[in-house]
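1. build me a structure from this.
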Amino acid sequence: MINSLSLRHGFFLFLLPVAVLLVGCQSSGDEASSDPDDGAEEWTTLFDGESLDGWRNPYDWGRARVENDVIALQADDKFFLVTEDTYRDFVFEGEVRLPDRESNSGFMFRAQVDSNRVYGYQAEVDPTDRAWSGGLYDEGRRGWLHPAEGDSLAGVNFREDHGGAFKPTGWNEYRIRAEGDSLKIWVNGEMTTAVRDTVDQEGVIGIQHHGEDGKIYRFRDLRIRQLGGS
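-> Numbers count the residues shown, from 1 in each chain. This is a model prediction of the structure:
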């Protein structure tokens with residue numbers, strides 16, 4: 001005859017591996033959404049708040065100036081201000097403020113530069129009702145990577161999941177992590193994009209003016225930290 005104590009003891013031993021398995025699954029999920037900086041170098045300031053040292057305008061148009069610790073861009077046509085240096089594996093952080101909800105911008109990374117042309121990966125800055133801020137766009141080349149080009153349902157799902165991350169009337173902080181083929185974007189602390197792509201492994205950082213006449217686009221607190229000794 002088996003007493004009740006033995007039954008309870010056996011039932012507890014049966015539940016223990018199940019509980020450990022559930023805890024392990026939860027930990028894996030947390031690790032997948034984290035952003036470790038193991039092996040990273042120290043942060044490097046890309047904009048000192050006083051000058052445009054380290055930046056250049058590869059276009060024949062567009063104006064960039066420094067005012068009150070902010071880079072202010074103004075133009076009649078779309079252009080990008082880009083870094084003189086190129087970067088491979090890194091974490092980049094920067095803040096942007098747009099003039100109104102009819103404007104558009106982006107942070108270029110691992111971007112390529114020709115005369116009057118900048119193309120490649122862009123972390124989208126979208127204050128409109130479409131609300132695709134934090135999406136990944138391939139500027140001047142393939143178009144939308146996330147949400148996927150031509151997939152209307154993907155766009156709806158992106159807006160439902162991440163449309164509230166961006167603040168159309170204030171400053172917004174972007175974080176971009178590019179490591180190998182892994183590309184991740186955060187907007188105000190919320191991860192909006194995590195994809196793999198191998199087209200560009202190295203390039204410049206850039207900030208965009210979309211070309212609306214008279215509007216001023218503002219950027220500040222731009223910094224980078226390289227990963228893995230790259």
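2. doesn't residue 156 belong to a strand?
-> No - counting by DSSP: H, G, I helix; E, B strand; the rest coil, residue 156 falls outside a strand, being helix.
3. okay, and for the chain, where does confidence drop off?
-> Within the chain, the ranges that satisfy pLDDT under 70 run 1-40, 229-230.
4. can you give me the helices for it?
-> Secondary structure of the chain (DSSP state H): helices located at 4-32, 152-162.
5. give me the buried stretch members for the last one, please.
-> Of the residues in helix 152-162, 155, 158-159, 162 count as buried by neighbour count, 16 or more other CB atoms under 10 Å. Every C-beta, even on glycine, is put in place using the N, C-alpha and C of the backbone.
6. so how far is it from its chain's centroid?
-> The chain centre lies 17 Å from the centre of helix 152-162; the measure is CA atoms, centre = their mean, to the nearest Å.
7. what about the residue nearest the centre of the chain, distance to residue 201?
-> Note on the chain: the residue nearest the mean C-alpha position is residue 185, at 2.9 Å, using CA atoms, centre = their mean. Counting by CB to CB, to the nearest Å, the gap from residue 185 to residue 201 is 17 Å.
8. what do you get for residue 214?
-> 38 Å.
9. which one of these two has more residues nearby?
-> A direct count of neighbours by other CB atoms under 10 Å for residue 214 and residue 201 places residue 201 higher, at 12 against 8.
10. please list all residues in contact with the more buried one.
-> 88, 110 (CB atoms under 8 Å, 6 or more residues apart in numbering).
11. now residue 136
-> 121-124, 144-146, 183, 185, 193, 195.
12. likewise for residue 108?
-> 80, 82, 118, 120-122, 139, 203-208.
13. show me the residues you listed that map onto strands.
-> Using DSSP state E, the subset of those located in strands is 80, 82, 118, 120-122, 139, 204-208.
14. possible to save these as TSV with distance to residue 43?
-> Output for the ones in strands among the contacts of residue 108, formatted as TSV (distance: CB to CB, whole Å):
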residue	distance to residue 43
80	23
82	20
118	24
120	23
121	21
122	22
139	26
204	18
205	14
206	19
207	18
208	23
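15. which of those are buried, as a PyMOL select command?
-> The following PyMOL line selects those of the ones in strands among the contacts of residue 108 that are buried, judged by 16+ other CB under 10 Å:
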select buried, resi 80+82+118+120+121+122+139+204+205+206+207+208
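16. so residue 54 versus residue 104, what's the distance?
-> From residue 54 to residue 104 the distance is 25 Å (CB to CB).
17. among those two, which residue is more densely surrounded?
-> A direct count of neighbours by other CB under 10 Å for residue 54 and residue 104 places residue 104 higher, at 21 against 15.
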